[in-house]
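Student: quick one, what's the 3D model for this:
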Amino acid sequence: MNPFIARLRGGGPAPLGIFLMSGSPIVAEAIGCNGFEWAIVDAEHSPIDVADVAHMLMAIGSTPMLAVVRAPWNEPVIIKRLLDAGAATLLVPFVQDAEEAARAAAAVRYPPQGLRGMAGLSRASRFGAVADHFRRANAGVGLIVQIETPQALDRIEDIAAVEGVDAVFIGPTDLSGSMGLYGDGAHPDVQAATASAIARCKRIGKPVGTLAATLESAAALARQGADFVVLASDLGLLLGQVRTARAAWKTAFGGGQDGQASTVRY
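Tutor: Next up, the predicted model:
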């Protein structure tokens, strides 16, 4: 079985993940060496392309961290290239109904279960070194579909029930936009919709995850039943520390009395 999906089905505490948006294999490797259980290589909202995905997967593969790759769109050619680059688990964005979920499920699998094109010397087959790759690959691929609108939430049980869909991910930022609450993932209406989606997926036994902006909100989502949680992103955490350091410097040297620095910790 796909190792990430096996982790979700195995029970235990919700694994904490992170979005990787910087495109840096060094950053990905460093995070993987320091305790994050899984990460989403984000090829949707970053300049990361297929070659970058391959390099980042190489770096992550040297660590205990598990990798999920978010495709730019639910499009079979894009999905095929990401899989050939070595992605084992895909997150497909903006899935609106069961038909779109079925298209994603077909795109990630070889015939007869799907329509993924076959290439014998891809990174996915270890360049031909994996015996019987074409027969074995379907069982090792994981598919997570992303729910981002109220319309998709209304159909979440139908989407989750599609054969080949292994898990569901609620995207609170796009959900907030589609609800007219642009970028306000913390709005009570967005949080209520997310909590409802988690509860409905739990009732049908489908693993469900979502994004949290803070550790506190990540813990709250796990208590609500989220099976996996993403905490911000590598760029978000980096820039948070940059802004904290800059504010501390201004406090110490830009706003202190009589030009004297104060002791600041950050």
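
Student: what mean pLDDT does stretch 250-263 get?
Tutor: Per-residue pLDDT over stretch 250-263 has a mean of 62.

Student: ignore the last one, stretch 168-185
Tutor: Stretch 168-185 comes out at a mean pLDDT of 95.

Student: ends of it, what's the gap?
Tutor: One end of stretch 168-185 sits 18 Å from the other (C-alpha to C-alpha, to the nearest Å).

Student: buried ones in that stretch?
Tutor: By neighbour count with 16 or more other C-beta atoms under 10 Å, stretch 168-185 contains the buried residues 168-179, 181, 184-185. Where C-beta positions appear, they are placed from N, C-alpha and C, glycine not excepted.

Student: list phi and psi for I170.
Tutor: phi -90, psi 120 (degrees, to the nearest 10).

Student: kindly report the same for G23.
Tutor: Dihedral pair for G23: phi 80, psi 10, per degrees, to the nearest 10.

Student: how much space separates it from L16?
Tutor: Distance, G23 to L16, using C-beta to C-beta, to the nearest Å: 22 Å.

Student: could you report the neighbour count for A39?
Tutor: Using other C-beta atoms under 10 Å, A39 has 25 other residues around it.

Student: does it sit in a helix or strand, and which one?
Tutor: strand 38-42 (DSSP states H and E).

Student: dump that strand to PDB, restricted to CA.
Tutor: In PDB, the C-alpha atoms belonging to strand 38-42 read as follows (Å, rounded to 0.1, in the frame of the first residue of the first chain):
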ATOM      1  CA  TRP A  38       4.900  14.600   5.700                       C
ATOM      2  CA  ALA A  39       4.900  17.500   3.300                       C
ATOM      3  CA  ILE A  40       3.000  18.800   0.300                       C
ATOM      4  CA  VAL A  41       5.300  19.800  -2.600                       C
ATOM      5  CA  ASP A  42       3.100  22.500  -4.000                       C
END
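
Student: after it, next one along is what?
Tutor: helix 50-60.

Student: run the chain-centre distance for the next helix-or-strand element following that following helix.
Tutor: Counting by DSSP H and E, the next helix or strand C-terminal to helix 50-60 is strand 66-70. Mean C-alpha position of strand 66-70 versus that of the full chain (C-alpha atoms, centre = their mean, to the nearest Å) differs by 6 Å.

Student: before we move on, what about stretch 78-94?
Tutor: 12 Å.

Student: ok, stretch 129-138 next?
Tutor: Centre-to-centre, stretch 129-138 and its host chain are 25 Å apart (C-alpha atoms, centre = their mean).

Student: contacts for that stretch?
Tutor: For stretch 129-138, the surrounding residues in contact (C-beta atoms under 8 Å, 6 or more residues apart in numbering) are 109-110, 113-114, 118, 120, 124-126.

Student: give the contact list for D84.
Tutor: So, once contact is read as C-beta under 8 Å, 6+ apart, D84 ends up touching 119, 122-124.

Student: try 6 Å this time
Tutor: D84 is in contact with 119, 122, 124, counting by C-beta atoms under 6 Å, 6 or more residues apart in numbering.
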